[in-house]
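In: sequence plus predicted model, see below.
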Amino acid sequence: MPKLTIDNIELEVAPGTSVLQACEQLGIEVPRFCYHDKLSVPANCRMCLVEIEKTPKPVASCAMPCNDGMIVHTDSPMVTKARKGVMEMLLINHPLDCPICDQGGECDLQDQAMGYGFDRSRYDENKRAVKDKDLGPLVKTVMTRCIHCTRCVRFVDEIGGTPELGGLFRGEKMEISNVSHALTSELSGNLIDICPVGALTNKPLAFEVRPWELQKTESIDVMDAVGSNIRIDVRGNEVMRILPRLNEDVNEEWISDKTRFACDGLLRQRLDQPYVRVNGKLKPASWPEAFTAIANRLRETSPGRVAAIAGDMADCESMFALKTLLQSMGSSNMDCRQDGAEYDISTRAAYIMNSGIAGIEQADAILLIGTNPRHEATIINARIRKRWLRGGCRVGMIGAQVDLGFPYRHIGNSANVIADLISGKNEFAKILQGAKKPMVIVGAGALAGQGGNALQAAARELAEKFNMIQPASDQTGWNGFNVMQLAASRVGGLDLGFVPQGSGLGTNGILQAAQADKMDIVWLLGADEIDTTKLGKTFVVYQGHHGDKGAHRADVILPGAAYTEKSSIYVNTEGRPQMALQAVFPPGQAREDWAIVRAFSEVIGKSLPFDSLTQLRAKMVEAVPVLGTIGRTAAAEWKNFGKASAVKAQALVPVIDNYYMTNSICRASVTMAKCTEEIRPLGFAEAAE
């Protein structure tokens, strides 16, 4: 391992470490524009120049590997003069847009010009101007500000997998340009974060707010089951923007476009007061009137004719409260799986990503079954691409042939291909057999049909056949069996047992009973993705935050809080409980969901055994200890699960038709509507190895 000296401090670094990275290890700040930890190194901005003894001129530290005996100076007169010269060159054509630039206040160029730049300009010629590019409804461009760091070009090529940006012309005439349509990557919003100047900014937020006006709250995303770590920026009681937080185990430093830009939907079509249906029309009501209407209906029915379905964005606290209420009434008809899935959940290993999201980077063979991770879990798809780019990993797909941004071997469309792999008839079986850490990722949509139990058992058999389950006694302790859930609430609901107990009915049974007039009351906890036409004449209570599908069918509406308006726990697809914190207050008379259930329990004389959120969480963690391990994952015990039977020869089709319209918040978002109109029609080409 090379030893070197930086600013009179000696240190030892790993082979291949650059001088810039070595400086960071010592806490020495080295300015940079083009360098980014997650991208390749172009060394084209020259801002990171340092002096290395016995070299005739300053050296770009981002591209210089550390050598034994190297002596580096980061603050010598030569370095100071060189950095001032570089900054002066960068600012030659940069316009004086700071007063009107959306990047003002969090601009790397501003900060570094103050810290390392010259105090005046010697450039007297006219500044050049570059025509702005149309990158779609999400990213605004002011290309005259561009300093050609090429971070955006490298990001869309390396991380996004959609090489739609590039450099045109040479020298002074060079400019960053795009193809003739909007960016199609579901990660394109991250260009705003990585751009060090104001060339790429947030188009929906243009000229709306300044960074110093915002209050910042750390939270968790609920647009999918990844559980991306986010920061919610608010002004007053309005969510202005969503930004990513660094978490290498979950989302690294990226978030999907839906996570970032759907926040404008939090302002529209909100439920801010209770409603009761009178003579076929929903009329505004007070909380006591709404509770009384439900209580009167409950008195007329038996517990076996009462049911509840939890939606995709329900938090653990509200599901625990509602489950406790139903059980106190004597009902076991409940389900957190709106898609009607009925697979085996007797062990936690059957429904989580056992390898973890970060574990994807250890796999050397990945088999995707019935999933399109690009739309179902964009961040996970980016992690798979990252692993593929490193080399030594083959990817296979059973299901619809779609563009994932990296090549894969398409094995077949039907679920019964799994049997061919197990028997060794398919060539991909040899790849799985020869892999040291093979992995299978089963899509939640593939398990949702009637054959979900059989497919689950077949996937388990496949994992055991190809040594994907390696016990902890081994050096690896590898578990490559993964289920990629679609909904933020799904794993938490399954952990809590928000599923039919004993002879209770699940989603399919509840809807069938409602159609047959055998179900009197159905409580929808933010459940908008079910077929509400199947509810028949059933009395429907809708508890949620948007006037979406469930609210349109409801007989009583109880306004709840969105994920930005409450402190709550969500469990992501890898089984990691995470805490979302309240950033704003619910609108009008809306209240936190658990508090609504608690208040209603008193009205019917079934008071729940907790009066505060702290007491509720204590009861919840006592019942399900894993929910108390905030921010951590735990290995799940491996047992037999699934119903072993012949897998039906059914095509595995994508379950998300429109990536931008998957929940009530997205459907209320103007920005997501624009994406549906401009980006979705572009489509995606098929990709195969």
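Out: Sure, I can see it.
In: what's the span of stretch 144-158, first residue to last?
Out: 25 Å (CA to CA, to the nearest Å).
In: please begin residue numbering at 526 from this point
Out: OK, 526 is where the count begins now, so the last one is stretch 669-683.
In: Ile1129 is in contact with Ala820, isn't it?
Out: Yes. Using CB atoms under 8 Å, Ile1129 is in contact with Ala820, at 5.1 Å. Placement of C-beta: from N, CA and C, glycine included.
In: isn't Ala654 up against Thr669?
Out: Yes. Ala654 is in contact with Thr669 according to CB under 8 Å; the separation is 5.2 Å.
In: have a look at these two and say which one is more surrounded.
Out: Thr669 (18 against 10; other CB atoms under 10 Å).
In: contact partners for that one?
Out: By CB atoms under 8 Å, 6 or more residues apart in numbering, the residues touching Thr669 are Asn618, His619, Pro620, Lys652, Arg653, Ala654, Val655, Asp657.
In: isn't there a helix covering it?
Out: Yes. Thr669: assigned to a helix according to DSSP: H, G, I helix; E, B strand; the rest coil.
In: please tell me how far it sits from Thr1098.
Out: Distance of Thr669 to Thr1098, given as CB to CB, to the nearest Å: 43 Å.
In: count the neighbours of the closest residue to Ser1092 other than its chain neighbours for me.
Out: With sequence-adjacent residues excluded and distances taken as CB to CB, 6 or more residues apart in numbering, Ser1092 is closest to Gln1107, at 4.9 Å. Gln1107 has 17 neighbours, counted by other CB under 10 Å.
In: now a ChimeraX select for only the buried ones of the contacts of Thr669.
Out: Remark: buried members of the contacts of Thr669, expressed as a ChimeraX selection using 16 or more other CB atoms under 10 Å:
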select :618,619,655
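In: next step: the contacts of Thr669 restricted to helices.
Out: Residues of the contacts of Thr669 located in helices (DSSP state H): none.
In: need the contacts of Thr669 in TSV with distance to Ala810 and pLDDT, can you?
Out: As requested, the contacts of Thr669 are arranged in TSV below (distance: CB to CB, whole Å; pLDDT from 0 to 100):
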residue	distance to Ala810	pLDDT
Asn618	62	90
His619	58	92
Pro620	56	92
Lys652	62	89
Arg653	63	89
Ala654	59	91
Val655	58	93
Asp657	51	93
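In: helices or strands next to the strand or helix carrying Leu847 in the packing?
Out: Per DSSP states H and E, Leu847 falls inside helix 841-854. When contacts are defined as 3 or more CB pairs under 8 Å, 6 or more residues apart in numbering; DSSP states H and E, helix 841-854 packs onto strand 831-835, strand 858-860, helix 1015-1021, strand 1046-1050, strand 1093-1096, helix 1118-1128, helix 1138-1148.
In: select, out of the ones you listed, the one closest to Ala787.
Out: Closest approach to Ala787 among those (CB to CB): strand 1093-1096, 16.3 Å.
In: list the contacts of that closest one.
Out: 745, 747, 752, 840-843, 1013-1014, 1016-1017, 1020, 1088, 1102-1105, 1142, 1152, 1155.
In: kindly recompute the last result at 7 Å.
Out: Strand 1093-1096 is touched from outside by 745, 747, 752, 840-842, 1013, 1016-1017, 1020, 1102-1105, 1152, with contacts defined as CB atoms under 7 Å, 6 or more residues apart in numbering.
In: what is the neighbour count of Ala1171?
Out: Ala1171: 10 surrounding residues under other CB under 10 Å.
In: show me the contacts for it.
Out: Ala979.
In: ok so, going back, Met765: which of the helices and strands packed on helix 841-854 is closest?
Out: Closest among the helices and strands packed on helix 841-854, using CB to CB: strand 1093-1096, at 21.2 Å.
In: partners of the closest one, with directions?
Out: Sheet pairing for strand 1093-1096, assigned by DSSP bridges, gives strand 1102-1105 (antiparallel).
In: avg pLDDT for the strand it pairs with?
Out: Averaging pLDDT along strand 1102-1105 gives 96.
In: backbone dihedrals for Ala1039, both of them.
Out: Backbone torsions of Ala1039, given as degrees, to the nearest 10, read phi -60, psi -40.
In: OK, contacts around it?
Out: Ala1039 sits next to Val1047, Lys1059, Leu1060, Gly1061, Thr1063 when contact means CB under 7 Å, 6+ apart.
In: just among the residues you listed, which is most surrounded?
Out: Val1047 (29 neighbours).
In: can you pull up the bridge partners for it?
Out: Legend: beta-bridge partners of Val1047 under DSSP bridges are Ala832, Val1065.
In: looking at it, it is touching Ile1035, isn't it?
Out: Yes. Using CB atoms under 7 Å, Val1047 is in contact with Ile1035, at 6.3 Å.
In: mind listing the shared neighbours of the two?
Out: Residues touching both Val1047 and Ile1035 (CB under 7 Å, 6+ apart) are Ala832, Ile834.
In: that older thread, Asn715: which of the helices and strands packed on helix 841-854 is closest?
Out: Judging the helices and strands packed on helix 841-854 by CB to CB, what sits closest to Asn715 is strand 1093-1096, at 22.0 Å.
In: what distance separates that closest one from the middle of the whole chain?
Out: On the basis of CA atoms, centre = their mean, to the nearest Å, strand 1093-1096 sits 14 Å off its chain's mean C-alpha point.
In: now do stretch 1052-1064
Out: 28 Å.
In: stretch 655-670 now?
Out: 26 Å.
In: can you pull the buried residues of it?
Out: Here stretch 655-670 shows Val655, Lys658, Leu660, Gly661, Pro662, Leu663, Val664, Lys665, Thr666, Val667, Thr669, Arg670 as buried, counting by 16+ other CB under 10 Å.
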